[in-house]
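Chemist: Fold the following for me, if possible:
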Amino acid sequence: MRHRKRTINKLGRTTAQREALLAHLVCNLILVGRIKTTLPKAKAARRIADKMVTLGKKNTLASRRTAIARLRRKDVVSALFDQVAPAFEDRAGGYTRIMRLGQRVSDSSEMALLEWVNHTPRAPKVKKTEAKSEKGAASKGGKGSAAE
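Modeler: As a prediction, the model looks like this:
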């Protein structure tokens, strides 16, 4: 009987490739806070990310070793246990959210944004070329007005 057995979306990859892909997606989610990917990959990565936060909340040596075995990067696991998991100490589950973004232009794949529930987006960075052009215009205007 297959009671409570979840079917695995294979994502068109072998087991090793799929595990590496999902580990990489979850590592990027831990480091950056949000990732843009296809909807099936986001749904598969969400399951692993929630399990990793649960391991991080336990904060035992065994849970740390399990997370290292799954994610394959010690620096990411330390960030998970030190920064991400303590932020969800009061929450009982549902640490991630998936927001659908529509279809990708090139191949019409359904795109999604996977992020932490408590993620606060940072202010957009000003490009250096725009900052230089604004600075240059201000300095030129100042010289021109001083010369007149």
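Chemist: Could you use CA atoms for every contact and neighbour count after this?
Modeler: Noted.
Chemist: Where does pLDDT dip in the chain?
Modeler: Scanning the chain for pLDDT under 70 picks out 123-125, 130-148.
Chemist: Where do the strands of it begin and end?
Modeler: Ranges of strands in the chain, per DSSP state E, are 34-38, 96-103, 110-116.
Chemist: export those to TSV and tack on distance to Cys27?
Modeler: Formatted as TSV, the strands of the chain follow (distance: least, CA to CA, whole Å):
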stretch	distance to Cys27
strand 34-38	10
strand 96-103	14
strand 110-116	12
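Chemist: of the ones you listed, which approaches Ile48 most closely?
Modeler: strand 96-103 (10.4 Å; CA to CA).
Chemist: which residues are contacting that closest one?
Modeler: With contacts defined as CA atoms under 8 Å, 6 or more residues apart in numbering, strand 96-103 is touched by 39, 42-43, 46, 49-50, 109-117.
Chemist: same question, stretch 37-55
Modeler: Under CA under 8 Å, 6+ apart, the answer for stretch 37-55 is 9, 11, 22-23, 25-26, 63-64, 67, 80-81, 84-85, 88, 93-96, 98, 100, 109-114.
Chemist: and if we set it to 6 Å?
Modeler: Stretch 37-55 is contacted from outside by 22, 26, 63, 85, 95, 110-112, using CA atoms under 6 Å, 6 or more residues apart in numbering.
Chemist: where along the chain do the helices fall?
Modeler: All helices of the chain, identified by DSSP state H, fall at 15-32, 39-58, 61-71, 74-79, 85-87, 128-147.
Chemist: buried ones in the shortest one?
Modeler: Buried residues in helix 85-87, defined by neighbour count with 16 or more other CA atoms under 10 Å: Ala85.
Chemist: With stretch 115-122 instead?
Modeler: Using 16+ other CA under 10 Å as the test for burial, stretch 115-122 gives 115-116.
Chemist: Can you give me the first-to-last residue distance of that stretch?
Modeler: Stretch 115-122 has an end-to-end distance of 13 Å (criterion: CA to CA, to the nearest Å).
Chemist: Name the residues that touch it?
Modeler: Residues from elsewhere that reach stretch 115-122, judged by CA under 6 Å, 6+ apart: 33-34, 95-97.
Chemist: What sits closest to the residue most central in space within the chain if chain neighbours are left out?
Modeler: Closest residue to the average C-alpha location of the chain: Leu29 at 2.2 Å, with CA atoms, centre = their mean. Nearest residue to Leu29, sequence neighbours excluded (CA to CA, 6 or more residues apart in numbering): Ile35, at 5.9 Å.
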